[in-house]
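*Asks:* return atomic coordinates for the entry below.
(one chain, ligands or ions: 2)
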Amino acid sequence: MSIITYDLLIRRGKLLGLTSRDEVVDIGIKDGQIADIAPKLEASAKQELDAQGQLVSPPFVESHIHLDSALTAGEPRWNESGTLFEGIQIWGERKQNLTIDDVKKRAIATLKQQAAQGVLLVRTHADVSEPQLIALQALLEVREEVKDWITLQVVAFPQDGIYSKPENETLLEKAIKLGADVVGGIPHYELTREDGVRSVHRIFELAQQYDCLIDIHCDEIDDDQSRFLEVVAACAIRTGLGSRVTASHTTAFAAYNNAYAYKLMGFLQQSQINFIANPLINITLQGRTDTYPKRRGVTRVKELWQQGLNVSFGHDCIQDPWYSLGTGNMLDVASMGVHVCQMTGRHEIDACYEMVTQNGAKTLHLEDNYGVAVGKPANLIVLDASDCYEAIRRRATVRYVISQGKLLTCTTPQATEWL
Ligand code: 17E
Ligand code: FE2
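*Replies:* Ligands and ions are numbered 1, 2, ... in the order given. Take a look at the predicted model:
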């Protein structure tokens, strides 16, 4: 029997779910795929890495980010009120000066920051309420240029609403025809409640006509009367689009009375739609009109998860008019989720890790090619942590990022010397 030669062999990795420090495996990678996983592989390899018993995980999934506005904080001015609406105004000014080159440079710089920290699947929104569709065209070019190391999905997102200006509906459809993967919307920001309802129906029509996924910024406000989530759920039930549909933010869900929330939860279960919360942004943008007690403004993550619905966490922003911080580290996002959603139970912390990994892959409809298992594409990361609880607690360094079978980045954890 000839001895196999792998392209890359990871020795002594601890897979998610294994509990004992001693339960380690070797992972053999060949032709971009995970070829073998076994306690000890008798094989040679062109390159070998020692995971030293540390956590080997599927890559992080960034299920919600706006790459078109990333790295523009302060341009042309800072968001002093900290509200969603001042953010939309500032971005409205900044987007007058967009060029393809400007968007591409910032998007690629952001993707590099993310990938170096283990993010290999990304869903970005592209603002399509801008007459030249520069953000969208730039992000479609980026999707192509980065495809050898990161998978990018682009949402056609009408930031200013579909019906606020006569041309916006046409721009949205044009964006889909140009190749957006996902159709988005913003019903709570349409001029009237009726327009908001109509916008949701239009989004479903477009998704069916062009065979797109759906990801709607939905009820991103503290207003307990903002109830577009029920419209999204109803459309998902009636069309049967179910898990092809995502409701992002849904912060008003945190403000609904419990009687309504209880009824709604049943409909949501029937709909099987996905949810994305953005803990860093929701905790800072929402609650701004409250005095005290001040709401947290994060959707009912724990309850949705307890009901078996698919919830993921996104970053939403990295240094933009809505949020001036952010580094692309999904462990920051998971950690904030643990805190603001009060998911501090042992299994709840693990669940928050799943919200930045496999649940995101499910939302993006990429779960078939996701996971550390034989036959899957070799996308995986090695963390400086023994398990996902430690990874979140210490915001552990991602030591190695392997993308499509190749070692993409290598980072040395910080070390302190006592003198
Ligand atoms: N646009 C929006 O409507 N909501 C957000 N959270 C961001 C942009 C970041
Ligand atoms: Fe967003």
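*Asks:* near ligand 1, which residues of the stretch 251-400 of the chain?
*Replies:* With CB under 6 Å from any ligand atom as the criterion, the stretch 251-400 of the chain comes near ligand 1 at residues 281, 316-317, 322. C-betas here are computed from N, CA, C, even on glycine.
*Asks:* may I see those arranged in JSON lines, with pLDDT as well?
*Replies:* JSON lines is the format used below for these (pLDDT from 0 to 100):
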{"residue": "281", "pLDDT": "98"}
{"residue": "316", "pLDDT": "98"}
{"residue": "317", "pLDDT": "98"}
{"residue": "322", "pLDDT": "98"}
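*Asks:* from those, which two are the most distant?
*Replies:* The most widely separated members of those, counting by CB to CB, are 316 and 322 (7.1 Å).
*Asks:* identify the contacts common to these two.
*Replies:* Overlap between the neighbourhoods of residue 316 and residue 322 consists of 66, 281, taking contacts as CB atoms under 8 Å, 6 or more residues apart in numbering.
*Asks:* how about low-confidence regions in this structure?
*Replies:* Across the chain, the stretches falling below the confidence threshold (pLDDT under 70) are 1-2, 18-22.
*Asks:* chain neighbours aside, what residue packs nearest to residue 75?
*Replies:* Distances taken as CB to CB, 6 or more residues apart in numbering place residue 94 nearest to residue 75, at 5.3 Å, with adjacent residues excluded.
*Asks:* phi first, then psi, for the closest residue to residue 210 other than its chain neighbours.
*Replies:* With sequence-adjacent residues excluded and distances taken as CB to CB, 6+ apart, residue 210 is closest to residue 176, at 4.9 Å. Reported as degrees, to the nearest 10, the phi and psi values for residue 176 are phi -70, psi -40.
*Asks:* name the SS class of residue 81, please.
*Replies:* coil (DSSP: H, G, I helix; E, B strand; the rest coil).
*Asks:* wait, what's in contact with it?
*Replies:* residue 288.
*Asks:* contacting residues around the residue nearest to residue 210?
*Replies:* Residue 176 makes contact with 156, 183, 206, 210, 212 under the criterion CB under 8 Å, 6+ apart.
*Asks:* greatest separation within these: which pair is it?
*Replies:* When these are compared pair by pair using CB to CB, the farthest-apart members prove to be 156 and 210, with a separation of 9.8 Å.
*Asks:* joint contacts of the two?
*Replies:* With contacts defined as CB under 8 Å, 6+ apart, the residues shared by residue 156 and residue 210 are 176, 183.
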